[in-house]
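Trainee: Quick one, structure for this:
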Amino acid sequence: MHPYIGAMVTREFNIKIICKWDGEAKVWVAESEDLPGLVTEAATIPELIQRSMEVIPELIESNLMGGEATGDYQINLAPVYQQTVRIAAH
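Mentor: From the prediction side, this is the model:
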């Protein structure tokens, strides 16, 4: 028997998470254009990733696969740190 016959297909999604510090609320905020509805916040980046991973399966099923999302999914998160840097005039 061929090793791929009868095997469950793994679908790979590359989801880019943009993480920004909200100084007013004093939390990290994660959003993704790749996965509609992914918006969450947390006090730390690790907590932000954990919260994102908790909601991603439901969002994939409802937004990307039209409710027919069966199988295994490989999720690649790419957190991006953004910060403004001021360069003084010489």
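
Trainee: Can you report how many residues lie near the closest residue to residue 33 other than its chain neighbours?
Mentor: Nearest residue to residue 33, sequence neighbours excluded (C-beta to C-beta, 6 or more residues apart in numbering): residue 16, at 7.4 Å. Bear in mind the C-beta positions are built from the backbone N, C-alpha and C, glycine included. Residue 16 has 14 neighbours, counted by other C-beta atoms under 10 Å.

Trainee: The residue lying closest to residue 42 once chain neighbours are set aside in helix, strand or coil?
Mentor: The shortest distance from residue 42 to any non-neighbouring residue, by C-beta to C-beta, 6+ apart, is to residue 48 (4.1 Å). Classification of residue 48 by DSSP: H, G, I helix; E, B strand; the rest coil places it in helix.

Trainee: what does the one 10 residues further on give?
Mentor: Recorded secondary structure, residue 58: helix (three-state DSSP).

Trainee: Please name the residues that touch it.
Mentor: Taking C-beta atoms under 8 Å, 6 or more residues apart in numbering as the contact definition, residue 58 lies against nothing.
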